[in-house]
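Trainee: Take a look and give me a structure for this.
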Amino acid sequence: MHNLPMAKAQSIIPIERIASRIYLIRGQKVMLDEDLAELYGVTTGNLNLAVRRNPKRFPDDFVFQLTADEFESLLLQTARPKARGGRRNLPFAFTEQGVAMLSSVLRSDRAAEVNVLIIRVFVMMRQMLATNAELARKVDHLDRKVAVLYESFQKLLAPPAPKKNPIGYVPSED
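Mentor: Numbering: from 1, shown residues only. Below is the predicted model:
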């Protein structure tokens, strides 16, 4: 029975579509208000209104507004088109905790299903990053061992240095 909601949510939204809308801003993985609104099936204005009506549920580490420079940089990096007529306000960025809190203010079945799926994508990304970090550490360790072995083989394969005749007077060993 637990697989039914997941299957239903996945049929609504492919995981790749969610993952492609998670950005790294201010060193945090976040999703923008307009992307979340589209996924939840609400307008961006209604999503932001629900957040503004519940300020205690959305502290600064759950949601923050992008600066003009951050937004411009994001548009350039992702080749996101500016919406017709543009936005009146800079977008809000929701951290994983902010996304989780959205389910408490958007009370629809779709919001609950989509929210579970988004949180699972955040978790999968965190696991992939941890796995990649562990793999990178192991490769680095292996690289060091290979470098030591290479140096040892170079010393073994190098021809012995030729014996030099000393310059100047050398007393005989008689």
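Trainee: can you tell me which strand in the protein is longest?
Mentor: Longest strand in the chain, counting residues (DSSP state E): strand 28-32.
Trainee: who's in contact with that strand?
Mentor: Here strand 28-32 makes contact (CB atoms under 8 Å, 6 or more residues apart in numbering) with 21-24, 66, 91-96, 98-99, 118, 122, 125. Bear in mind the C-beta positions are built from the backbone N, C-alpha and C, glycine included.
Trainee: Go again with 7 Å.
Mentor: 21-23, 91, 93-96, 99, 122, 125 (CB atoms under 7 Å, 6 or more residues apart in numbering).
Trainee: Which of those are buried? Put it as a PyMOL command.
Mentor: Applying 16 or more other CB atoms under 10 Å to those, the buried members can be selected in PyMOL as follows:
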select buried, resi 21+22+23+91+93+94+95+96+99+122
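Trainee: Of the contacts of strand 28-32, which belong to helices?
Mentor: 96, 99, 122, 125 (DSSP state H).
Trainee: Quick check: the farthest pair among those?
Mentor: Across these, no pair lies farther apart than 99 and 125, at 12.4 Å, counting by CB to CB.
Trainee: Show me the helices in the protein, by range?
Mentor: Using DSSP H, helices in the chain cover 3-12, 15-19, 33-40, 44-52, 68-78, 96-105, 109-157.
Trainee: in the protein, what spans have low per-residue confidence?
Mentor: 1-12, 79-86, 174 (pLDDT under 70).
Trainee: rerun at 50
Mentor: 1-10 (pLDDT under 50).
Trainee: What's the local residue count around residue 77?
Mentor: 10 (other CB atoms under 10 Å).
Trainee: let me fix that: residue 133
Mentor: 10.
Trainee: Quickly note the distance from it to residue 126.
Mentor: According to CB to CB, to the nearest Å, residue 133 stands 11 Å off from residue 126.
Trainee: got it, and residue 105?
Mentor: Counting by CB to CB, the gap from residue 105 to residue 126 is 24 Å.
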